[in-house]
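Peer 1: here is my input, please return the structure:
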Amino acid sequence: MSENKNILMIASSLESGVIDKSVIDIACVLKKNGFEVSVVSAGGKMVKELRKEGINHYLLPVNSNDFFVVRHNLRKIMEIVRQEEITLIHTFTPQSSFYGFKISRTMQVPYITSFLKIYPRTFWPFTKKKINYLTKGACVIVPSEYMASYIQIAYHVPSEKIVIIPQWIDTDLFNAHNVSAERIISTASDFRIPEDHFIITTVGKLEKSKGQALLINAVAKLPLEIRNKVRCVVIGSFKEHKRYKSELEKLMRKLGVEDIVHLAGEANDTPALLMLSDVYIATNVEPKASLITLLEAESLGRPIIASNIGSTPEYILDNETCKMFNPNNIDELVDAIVWALKITEEERSEISQKLSTNVRLNFSKSVIPQRIVNIYNYVLGLK
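Peer 2: Take a look at the predicted model:
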């Protein structure tokens with residue numbers, strides 16, 4: 001049994017992604033539970049949140065694949081482990097898990113991993129081996145039962161090593177009572193969202209796996225009297241996928257919905273945008289490990305339509321508040337949109353209450369990261 005509770009977390013970066021936010025939240029919860037926490041990363045705008053909480057941060061280019069940089073990083077991290085008397089390492093990406101694996105073997109310090117996304121399958125031996133480091137820890141944390149099954153099959157991870165801890169969100173930030181009317185009005189103006197239309201939103205990078213083309217086809221297939229009442233706002237960065245954006249714009253013109261569907265780019269105020277929504281749609285056509293934006297929309301009480309794929313069913317409450325569709329069946333998506341249009345004000349109020357309560361109790365930042373403390377205590381052998 002270890003008397004020290006000194007944790008080292010290794011993250012590729014601390015910018016704004018789901019994994020980056022998870023690192024920050026876990027580090028802060030550990031600090032509040034009496035752990036001494038140090039974080040190694042290549043930096044990013046979220047580092048200031050660690051410093052505000054008095055958490056050590058070591059800046060190293062751990063996102064580099066250069067052989068000499070990797071060797072230097074390994075040496076420096078081993079110095080940190082000795083200096084901080086680290087008793088447990090937690091890694092979050094294939095690259096950071098490489099360091100966890102090497103240090104664990106060399107210095108006999110246990111490491112655990114969080115396997116939070118589905119990585120493209122590859123036959124390149126080096127890339128494949130890097131991903132495998134995510135599965136070598138004393139335990140592997142995954143955000144859904146789907147991911148647990150996935151890594152058992154794809155990476156042969158024993159079930160006894162897998163711990164399922166769902167992703168979480170800040171339910172104070174995504175709280176309908178905390179989103180001011182001024183913010184909502186400003187966002188409506190920014191995205192030219194009309195007051196007298198039924199508003200559909202979807203959030204995610206413009207890429208084929210997100211299924212934006214599927215949504216555009218479904219909107220075009222709505223009966224004319226319904227389609228004229230609808231506006232669809234597609235939020236997401238297209239900087240890395242400009243060709244796909246052009247394909248979507250061509251599709252919209254071909255189907256005659258360029259005045260109905262708006263490719264709006266990135267949103268500065270996602271809670272306000274979601275508050276303007278009458279329904280939130282997730283049209284993934286490939287499995288995802290977790291669906292953070294789905295939880296954000298639910299937390300704000302928005303009815304949900306989502307493709308029945310991957311971990312989606314685990315982030316859905318019930319058939320009264322959410323409708324799922326087969327991503328290969330566009331008619332099911334059309335029917336789901338019609339369902340959302342027919343929701344009465346009374347039903348909408350009940351749906352909002354049920355969804356926000358469910359997220360607050362089962363997917364809140366104030367609840368879920370605490371479970372990771374239990375895992376740390378288990379691995380360290382603490383009571």
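
Peer 1: tell me where the protein has strands.
Peer 2: Assigned by DSSP state E, the strands in the chain fall at 6-10, 36-41, 56-59, 88-91, 111-114, 140-142, 162-164, 198-203, 230-235, 261-265, 279-282, 304-307, 322-325.

Peer 1: just say which of these is most tucked in.
Peer 2: Each of these was scored by mean neighbour count; the highest is strand 88-91, a mean of 28, by mean count of other CB atoms under 10 Å. All C-beta spots, glycine's among them, are computed from the backbone N, C-alpha and C.

Peer 1: what does that one rub up against?
Peer 2: For strand 88-91, the external contacting residues (CB atoms under 8 Å, 6 or more residues apart in numbering) are 2, 6-11, 26, 81, 97, 99-100, 103-104, 109-114, 133-134, 137, 376, 379-380.

Peer 1: tell me the strands beside that strand, with direction?
Peer 2: Paired neighbours of strand 88-91 in the sheet (DSSP bridges): strand 6-10 (parallel), strand 111-114 (parallel).

Peer 1: mean pLDDT for those - can I get that in a markdown table?
Peer 2: Output for the strands paired with strand 88-91, formatted as a markdown table (pLDDT from 0 to 100):
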| stretch | mean pLDDT |
| --- | --- |
| strand 6-10 | 96 |
| strand 111-114 | 95 |
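
Peer 1: which one of those lies closest to Asp170?
Peer 2: Nearest to Asp170, of all these, is strand 111-114, at 18.3 Å by CB to CB.

Peer 1: and the most far-flung residue of the chain relative to its centre, what's its pLDDT?
Peer 2: Here the chain reaches farthest from its C-alpha mean at Glu225, the gap being 35.9 Å by CA atoms, centre = their mean. You'll see Glu225 listed with a pLDDT of 88.

Peer 1: may I ask which helix or strand of the chain has the lowest mean pLDDT?
Peer 2: When the helices and strands of the chain are scored by mean pLDDT, DSSP states H and E, helix 125-132 comes last with a mean of 74.

Peer 1: shaky segments in the chain?
Peer 2: Under the criterion pLDDT under 70, the flagged ranges of the chain are 1-3, 122-128, 382-383.

Peer 1: which one of the strands paired with strand 88-91 lies nearest to Tyr244?
Peer 2: Tyr244 lies closest to strand 111-114 among the strands paired with strand 88-91, at 29.1 Å (CB to CB).
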